[in-house]
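Novice: Pasting the sequence and the predicted coordinates here, then a few questions.
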Amino acid sequence: MTRRRLGIFLLFLTDVAAIFISLQAAIFIRTKIMPYFFDFPEFPDIGFTFFWWVFYVWLFFIAYEGLYTKRFSFWDEVKALWKVVLFSTLGVFTILYLGKFGEQVSRTTLVLMGAVSFPVLPFIRITVKGLLINAGLLKSKVLILGAGKTGELILKAVKRDKNLGLNVVGFLDDDPEKIGKRLDGIKIHGSIDKAHKYIGRCGIEDVIIAMPGCEKEKTVALINSLQHAAQNILLIPDLFGITVLGTNLFHFFQEQALGLEVKNNLAKPLNKLIKKIFDLAVSFALLLLFAVPIFIIAVLIKINSPGPAIFSQARRGKNDRPFKCYKFRTMYNDAEEKLEALLKNDPAAQNEWKNNWKLKDDPRITKIGGFLRKTSLDELPQIFNVLKGDMSLVGPRPVTKTEIDDYYKDSAALCFSVPPGVTGLWQVSGRSNTGYGYRIALDSWYVRNWNLWLDIVILFKTCRVVFKMEGAV
């Protein structure tokens, strides 16, 4: 506990330093850079000490969001920190308005501080937090009850997201065949009834109950008996596959019952409008950013092989509506003949095409086309599809009618109740390394769990995947 308190204190100092750096950067931009471009009034007393009260506002909202008391996954912490930036900036301006001293303060500096903090605060805080976790100051020991498939799944999830600061030290299971073995390097002990002993002896702080098949009475008794022995208990229910983002916990106090409120976010007209405005705004910005690269790529394609630089493919959109999906041409003009000959003479390629609808060693692809596919730059023209309204920035994969009939089947109505996306969950989850069935499952999950933050996270992850060329064909 002492180590954790030290870690929280150091994290607090890190937040103070991040706020200070953001403020100093804003003051520098306001006093040293912007006067060269704009005519601003002089603030002779502008400086760090002039804004001392701003720190209290920012630190209040950091604490209010539970950033010193709760555990966050990486992207949830980024989201919480961005909320802090927004609310803190609004809070500062509210104080200026209520205190009626806005004319005495450089409001431009405060706006700049908010803008600078969007990248600076998450970067500094999460980086330092990672160092504190690695040093063991913000890491807690976790015991998982249940060493079956669910337990293994949870172990992988915990190991994948280091930002949670959870260190799985062991499993408990009643199956005699599992006791003594190891699951991904973690030893399995017996039995579940000995959980109290392990918690006290090993300093366990968190317990994860990953036994979805366990009887209700036993699960309730287990939770009640361990609730005051461990600091936190996480129950993994047998509800895999349902919507999780935006799902709320509903309480019936007198009946001592819990309910999960599952919402259909994309059924709300306001959410559809928000997604549409987000698509148009970001697509227009991307078009301005990539206008020159798009022109250069088009010229290189024309030089590399005869044929148009951009071509269109027939795809199915929202509600099975056909549309033309634009891409940079990455294949030779006789691509269909090459594919037909290859599939006819190569059973392995035929099987790969049947399972993935793609080929890793595709003879149809040009030299420049191979580069465009590895970097996903071949999909840049789909920005025009988004501006036309045929596609969304994030959504299910744009597919052909044949793919829908052969693979999607019963999942088609759900997956294509929204416009297809330039990117999506499958692109950031292995891309071409994933099987077709898994891609459909990801598309279905996306539609059921949509919210604007999910789109933002997928776009950031897409940038990382494209930069690393992960799973590209």
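Specialist: Cool, got the structure. Residues are numbered from 1 along each chain as shown.

Novice: Surely residue 168 is in a helix?
Specialist: No: with DSSP: H, G, I helix; E, B strand; the rest coil as the criterion, residue 168 is assigned strand and is not in a helix.

Novice: ok, it touching residue 142?
Specialist: Yes: if you go by C-beta atoms under 8 Å, residue 168 and residue 142 touch, sitting 4.8 Å apart. Where C-beta positions appear, they are placed from N, C-alpha and C, glycine not excepted.

Novice: what residues are shared contacts of those two?
Specialist: residue 158 (C-beta atoms under 8 Å, 6 or more residues apart in numbering).

Novice: ok, residue 420 to residue 393 distance?
Specialist: 11 Å (C-beta to C-beta, to the nearest Å).

Novice: tell me the domain boundaries of this protein?
Specialist: Listed by automatic domain parsing, the domain ranges of the chain are 2-134, 140-240, 269-330+365-468.

Novice: Low-confidence ranges, the stretch 351-473 of the chain, go.
Specialist: 352-362, 430-434, 469-473 (pLDDT under 70).

Novice: again, 90 this time
Specialist: 351-379, 397-418, 424-451, 461-473 (pLDDT under 90).

Novice: Quick one: residues contacting residue 131.
Specialist: Residue 131 makes no contacts at all, as judged by C-beta under 8 Å, 6+ apart.

Novice: Quickly find the element holding it.
Specialist: Using DSSP states H and E, residue 131 sits within helix 107-134.

Novice: pLDDT of that helix, averaged?
Specialist: Taken as a whole, helix 107-134 has a mean pLDDT of 93.

Novice: Could you do stretch 290-305 as well?
Specialist: Here stretch 290-305 scores 90 as its mean pLDDT.

Novice: before we move on, what about stretch 143-153?
Specialist: Rounded mean pLDDT across stretch 143-153 is 90.

Novice: In a strand, residue 251, correct?
Specialist: Yes: per three-state DSSP, residue 251 lies within a strand segment.

Novice: The residue nearest to it when sequence neighbours are not counted: what secondary structure?
Specialist: With sequence-adjacent residues excluded and distances taken as C-beta to C-beta, 6 or more residues apart in numbering, residue 251 is closest to residue 258, at 6.5 Å. Here residue 258 is recorded as strand under three-state DSSP.

Novice: Kindly provide the distance from residue 258 to residue 247.
Specialist: Taken as C-beta to C-beta, the span from residue 258 to residue 247 is 12 Å.

Novice: so who does the residue nearest to residue 251 touch?
Specialist: 249-252.

Novice: Now do it, the pLDDT please.
Specialist: Predicted confidence (pLDDT) for residue 258: 75.

Novice: what's the spacing between it and residue 230?
Specialist: 20 Å.

Novice: before we move on, what about residue 438?
Specialist: For residue 438, the distance to residue 230 - C-beta to C-beta - is 35 Å.

Novice: Comparing these two, which shows the higher neighbour count?
Specialist: residue 230 (21 against 14; other C-beta atoms under 10 Å).

Novice: List only those of the contacts of residue 258 flagged as buried.
Specialist: Not one of those meets the buried threshold, by 16 or more other C-beta atoms under 10 Å.

Novice: Max pairwise distance over those: which two?
Specialist: 249 and 252 (11.0 Å; C-beta to C-beta).

Novice: what do these two both touch?
Specialist: Jointly contacting residue 249 and residue 252 under the rule C-beta under 8 Å, 6+ apart are 258-259.

Novice: before we move on, what SS does residue 312 have?
Specialist: strand.

Novice: Now for it, how many residues are close by?
Specialist: 13.

Novice: Show the contacting residues for it.
Specialist: Residues in contact with residue 312 (C-beta under 8 Å, 6+ apart) are 324-327.

Novice: Of these, which pair is most distant in space?
Specialist: Greatest spatial distance among these (C-beta to C-beta): 324 and 327, at 10.1 Å.

Novice: Mind checking which of these two has more residues around it?
Specialist: Using other C-beta under 10 Å, the more surrounded residue of residue 324 and residue 327 is residue 327, with 19 against 14.

Novice: This structure: strands as residue ranges?
Specialist: Applying DSSP state E to the chain gives strands spanning 140-145, 166-172, 182-183, 186-189, 206-209, 232-235, 248-252, 257-261, 310-316, 322-328, 392-394, 421-423.

Novice: which one of the ones you listed lies closest to residue 271?
Specialist: Closest among those, using C-beta to C-beta: strand 392-394, at 12.5 Å.

Novice: just to revisit the earlier point, nearest to residue 443 among the contacts of residue 258?
Specialist: Looking across these and measuring by C-beta to C-beta, the closest to residue 443 is residue 249, at 27.0 Å.

Novice: What separation do you get for that closest one and residue 157?
Specialist: 20 Å.

Novice: again with residue 450
Specialist: 21 Å.

Novice: quick one, which of the two is more surrounded?
Specialist: A count of neighbours by other C-beta under 10 Å puts residue 450 above the other of residue 450 and residue 157, at 22 against 14.

Novice: and that one, what does it touch?
Specialist: Residue 450 is in contact with 245, 265-266, 271, 275, 418, counting by C-beta under 8 Å, 6+ apart.

Novice: again, 6 Å this time
Specialist: Counting by C-beta atoms under 6 Å, 6 or more residues apart in numbering, residue 450 makes contact with 265-266.

Novice: Then residue 80?
Specialist: residue 65.

Novice: at 8 Å instead, please
Specialist: Here residue 80 is in contact with 65-67, 72 (criterion: C-beta under 8 Å, 6+ apart).

Novice: just residue 67 next, same as before
Specialist: 15, 77, 80-81, 84.

Novice: circling back to that earlier point, identify the contacts common to residue 324 and residue 327.
Specialist: Both residue 324 and residue 327 are contacted by 312-313, under the criterion C-beta under 8 Å, 6+ apart.

Novice: What is the neighbour count of the residue nearest to residue 391 when sequence neighbours are not counted?
Specialist: With C-beta to C-beta, 6+ apart as the criterion, residue 391 has its nearest non-adjacent residue at 4.1 Å, and that residue is residue 385. Look at residue 385: counted by other C-beta under 10 Å, it has 26 neighbours.
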